[in-house]
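Trainee: What would the 3D arrangement of this be:
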Amino acid sequence: PGTVSARALIVRRAGEYLDGLAADAAGDTGLQLELAAAYMRLSALQGALFGENIGRREDATRSLENARHLTEAAVAAAPADPTARRRLGELYLRLGTSRMLAGDMPGALTSMERSREAYDAGRRLAPGDLELRKGQAGAAVEGALKIGAIFSVTGPASFLGDPEKKTAQMEAVLLTGTTT
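Mentor: Model prediction:
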């Protein structure tokens, strides 16, 4: 019990520290991207789906929103930077997951679509970038799988049965573009 409260205190202070740094980050795209990455790590400690955290999902979503603002500012300042686009894709994918866990399916779908758009834009800038290719493929598959898996087990598609099989089929279609 004592370690949980100590972790919560450290996480809260880290958030306060990042908030202070973020206030001074305007115009420095490198710092904005570094702070955004730190906010993403902080969100995992606050309330990630997997891994140890302090169970503060709302705070985690707020940290992801802070990261989104910083990353979008970096992309606006350096629109031809494929690394900034990749970071934006990663961020929107995590934000989509966070919104999905909060029950905000429209927000989750919008975030996951924006993730795909960010990766697509990055790929147009740097077609040979392997990290962007992996992110682009992951965004296409992961977003659909997470949402599809939830609907197939608990939602309107649950009557279809065999959610694992349906999810695997959906993954195959997304990866290959063909149906079996």
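Trainee: any low-confidence regions in the protein?
Mentor: 1-2, 142-180 (pLDDT under 70).
Trainee: could you pull out the helices for it?
Mentor: Under the criterion DSSP state H, the chain carries helices at the ranges 2-23, 29-47, 57-77, 82-101, 105-125, 130-154, 163-176.
Trainee: In contact with the residue nearest the centre of the chain, which residues?
Mentor: Closest to where the C-alpha atoms of the chain average out (CA atoms, centre = their mean) is Arg94, at 1.7 Å. Counting by CB atoms under 8 Å, 6 or more residues apart in numbering, Arg94 touches Met40, Ser43, Leu64. All C-beta spots, glycine's among them, are computed from the backbone N, C-alpha and C.
Trainee: Most neighbours out of these, which is it?
Mentor: Ser43 (28 neighbours; other CB atoms under 10 Å).
Trainee: Run through the residues that contact it.
Mentor: With CB under 8 Å, 6+ apart, Ser43 has these contacts: Asp59, Ala60, Thr61, Ser63, Leu64, Ala67, Arg94, Ser98.
Trainee: And for the third one, the neighbour number?
Mentor: Around Thr61 sit 22 other residues, with neighbours defined as other CB under 10 Å.
Trainee: these two touch, right, it and Arg99?
Mentor: Yes. Judged on CB atoms under 8 Å, Thr61 makes contact with Arg99 at a distance of 7.1 Å.
Trainee: Pick the most buried one from the helices of the chain.
Mentor: helix 82-101 (a mean of 23; mean count of other CB atoms under 10 Å).
Trainee: now do the same end-to-end measure for stretch 122-134.
Mentor: 12 Å (CA to CA, to the nearest Å).
Trainee: Next, report how far stretch 121-141 is displaced from the centre of its chain.
Mentor: 15 Å (CA atoms, centre = their mean, to the nearest Å).
Trainee: Any chance you could list what contacts it?
Mentor: 80-82, 85-86, 89-90, 92-93, 112, 115-116, 119-120, 171, 174-175.
Trainee: now, which of the contacts of Ser43 sits nearest Thr29?
Mentor: Distance to Thr29, by CB to CB, is smallest for Ala67 among the contacts of Ser43, at 14.0 Å.
Trainee: Show the contacting residues for the closest one.
Mentor: Leu35, Ala36, Ala37, Tyr39, Met40, Ser43, Leu91.
Trainee: Cool, thanks, talk later.
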